[in-house]
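# fold the following for me, if possible:
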Amino acid sequence: MARFSTHIIFTSVLCQLTVTAASGTPKEVAGALDGSVTFTLNTTEVKVDSVVWTFKTLFLAIINKNGTIKSQSYEERIVFLDRHSMKLSQLKKNDSGDYRAEIHIASNSLSSPFMQEYVLHVHEHLSRPKVNTDSQSSKDGTCILNLTCSVERGGENVTYSWKAVGQTVDEFHDSANLSISWRLGEKDKTIICTARNPVSSSSSTPLLAQKLCKDAAKDLNSPRVLKYILCVTLVLVLFCILLVTILFRWIPKGKENETRRRCAKHTLFHCADPQSGEESQLPTCNATPAKVIKL
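Purely as a prediction, here's the structure:
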């Protein structure tokens, strides 16, 4: 019954509050998914009568001289440290947002409460980044690679950096994209991408520039590329055959036929009759000739 009465008093106080005094800009707080975060409240210099904690427009808890009252939805997730600082555990993605602590000073019970605001961002632990080769080219024996680093479910506030180790000076780049060059005969480079967010960091498997250049060259000889080259070659061959066929069909055959007719008229065969021995001039000779003389 005492707890219920305290909750009624607290509700009545909230209804009467119209103006609050803000304490500077909201504090940025980062928490890991399924982890915990503490909203630190420094009240050692003042005598506090009560502190009211809210999340957006939802009531979380109230602390006063009579004890602590927590929202039933957050009762097992909220713990108070050094009397007033609040620890929220088992963080979820939808816990991200604005939190507020309204501090009521005992000596000024009639004045507006002092307010401290927080902005909570809940992040996931980053998985191992993946490195993809977007494109590659070769000029004067130098392999040029364009690399991209990414993580799954990275969310907001993820930054990327690269480290290339192995040559005279280590190289560092702050970006999700990296362009590198490697020349045959040079000392190999070891390339590592690192992804970071406010609660975690993760690095990719070390990659060798020499192997990346070889893998990119193999892509040019991949089955897909070979099929494309074969198709283009086949189309060109068929086109050439069709062109030759058309050209042969367009060659004029009239003169060739006329020449054959003229030869048939002026070429006579002398055929000898086997019985009479007489010869006759015929264009053709069906009987077996004793002799054939071409005039």
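# can you list the weak-confidence ranges in this structure?
Scanning the chain for pLDDT under 70 picks out 1-24, 44-45, 107-111, 135, 139, 167-170, 215-229, 250-295.
# domain map for it?
Following automatic domain parsing, the chain resolves into domains at 2-123, 130-218, 221-251, 262-294.
# for the protein, longest helix please?
helix 223-249 (DSSP state H).
# quick one: residues contacting the nearest residue to Ser89 once chain neighbours are set aside.
Nearest non-adjacent residue to Ser89, counting by C-beta to C-beta, 6 or more residues apart in numbering: Ser36, 3.9 Å away. C-betas here are computed from N, CA, C, even on glycine. By C-beta atoms under 8 Å, 6 or more residues apart in numbering, the contact list for Ser36 reads 87-91.
# out of the residues you listed, which is most surrounded?
Within the contacts of Ser36, most neighbours by other C-beta atoms under 10 Å means Leu88, with 24 neighbours.
# for that one, list each beta-bridge partner.
Applying DSSP bridges to Leu88 gives these bridge partners: Val37, Ile78.
# how about the contacts made by it?
By C-beta under 8 Å, 6+ apart, the contact set of Leu88 is 31, 36-39, 74, 77-78, 95, 120.
# and the residues you listed, which is closest to Ile191?
Gly31 (32.1 Å; C-beta to C-beta).
# in a strand, that closest one, correct?
Yes - looking at Gly31 with DSSP: H, G, I helix; E, B strand; the rest coil, it is inside a strand.
# identify the residue nearest it in space, chain neighbours excluded?
In space, Gly31 is closest to Val37, 3.6 Å off (C-beta to C-beta, 6+ apart).
# run a quick neighbour tally on the one you found.
Here the number of neighbours of Val37 (other C-beta under 10 Å) works out to 21.
# tell me where the stretch 1-150 of the chain has strands.
Under the criterion DSSP state E, counting those that start in this stretch, the stretch 1-150 of the chain contains strands at 21-22, 27-32, 37-39, 48-55, 58-64, 67-70, 78-81, 85-88, 97-105, 114-123, 130-139, 142-150.
# need those in a markdown table (columns: distance to Cys193).
Formatted as a markdown table, the strands of the stretch 1-150 of the chain follow (distance: least, C-beta to C-beta, whole Å):
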| stretch | distance to Cys193 |
| --- | --- |
| strand 21-22 | 41 |
| strand 27-32 | 21 |
| strand 37-39 | 28 |
| strand 48-55 | 36 |
| strand 58-64 | 40 |
| strand 67-70 | 44 |
| strand 78-81 | 38 |
| strand 85-88 | 33 |
| strand 97-105 | 31 |
| strand 114-123 | 19 |
| strand 130-139 | 6 |
| strand 142-150 | 4 |
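# part of a helix, is Lys214?
Yes - assessed with three-state DSSP, Lys214 lies in a helix.
# do you know how far it is from Trp182?
Separation of Lys214 from Trp182 (C-beta to C-beta, to the nearest Å) stands at 10 Å.
# what ranges do the helices span in the stretch 151-295 of the chain?
Ranges of helices in the stretch 151-295 of the chain, per DSSP state H, counting those that start in this stretch, are 209-220, 223-249, 254-266.
# grab the nearest non-local neighbour of Thr142.
Nearest one to Thr142, counting by C-beta to C-beta, 6+ apart, is Arg183 at 4.7 Å.
# actually Thr38, sorry about that
Excluding its sequence neighbours, the residue lying closest to Thr38 (C-beta to C-beta, 6+ apart) is Lys87, at 4.7 Å.
# right, I'll call it a day here.
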